[in-house]
Every structure is written in C-alpha cells, then in structure tokens.
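>>> coords please:
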Amino acid sequence: MFLPSDKPPVTLTPAAIAQIARLMERESAAGFRIGVKKGGCAGMEYTMEIAQEAGPADIVVEDGPARVLIAPLAQMFLIGTEIDYQTGLLESGFTFRNPNVTESCGCGESVKFKDMPEAG
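Here you go, the predicted model:
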C-alpha cells in the first residue's frame, strides 16, 4: 500500500535516512521493514529487517534514498513515529519517538501502546 507523500505515517531524521540508505545499498535491498511483535517486559518489541521486496499490505514510506516498509500488524502502532539513528561511544542504533507508547521498559527495548490489552 502506498500512501501520499504529504503525510507519511512515520518520519525519518537525516541520520536514519543515511543509515537506512547505507543498509539498503549494502544488501541490495528494496527497503527496511519495521514491525512490532509481542515480547519483552512491557509487552511489545519493535522489529527491523532488510526486505528484498515490499509486501502487498506494507505501507511504503520513501524519504530520499531511504525506503521504509511498515508491516501490516505494526501500522496502527507506528502512526506519528519519528525514527532516528543515534551513534554513541558504546552502542549505536535506531530509536523510535512514538506518541502511541504509554510505557517502556528500563532498557528501552520493549514498549506498551495505548489501548493495548494487558498481557496475561
């Protein structure tokens, strides 16, 4: 699924654009797929993988040379999210500033979203 470029469901910082473009070029990939899955102490975890093609139900967000594919099950959880790539002395990685998150664990790897049922 392709959306109009005037209001993408996620936005990318310049650092995220550069890193996604590097990964896509290195892997000769069609995009960088982002999703969510159950797991972690807060209930959900983000997933990220190189994708060789867009799925029929993926939302495709293009920003310069970067192409993000949002998996179908993640779409409602990621609306309004800003994706960044931060480089630090000890670690580097993608970060998500997501207005739909109500809780996150101490390590930042796991999140809980608004209106998500309690894990049980």
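
>>> those helices in this protein, which residues are they?
Remark: helices assigned in the chain by DSSP state H are 14-27, 75-78.

>>> Quick one: list the elements packing against the shortest one.
This points to helix 75-78. Contacts defined by 3 or more C-beta pairs under 8 Å, 6 or more residues apart in numbering; DSSP states H and E place helix 75-78 against strand 31-39. C-beta: built from backbone N, CA, C; applies to glycine.

>>> for Ala15, what are its contacts?
Asp84, Tyr85, Gln86, Thr87 (C-beta atoms under 8 Å, 6 or more residues apart in numbering).

>>> Which members of those are classed as buried?
When the contacts of Ala15 are checked for burial by 16 or more other C-beta atoms under 10 Å, the buried set is Asp84, Tyr85.

>>> Pipe the contacts of Ala15 into TSV and attach distance to Gln52 per row.
Below are the contacts of Ala15 laid out as TSV (distance: C-beta to C-beta, whole Å):
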residue	distance to Gln52
Asp84	25
Tyr85	21
Gln86	27
Thr87	27
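
>>> and the spatially closest residue to Phe94 that is not a sequence neighbour, what pLDDT?
Distances taken as C-beta to C-beta, 6 or more residues apart in numbering place Tyr85 nearest to Phe94, at 5.4 Å, with adjacent residues excluded. For Tyr85, the pLDDT comes out at 95.

>>> Give me the distance between Tyr85 and Val36.
For Tyr85, the distance to Val36 (C-beta to C-beta, to the nearest Å) stands at 19 Å.

>>> Can you list the buried residues in stretch 88-95?
In terms of neighbour count (16+ other C-beta under 10 Å), stretch 88-95 has its buried residues at Phe94.
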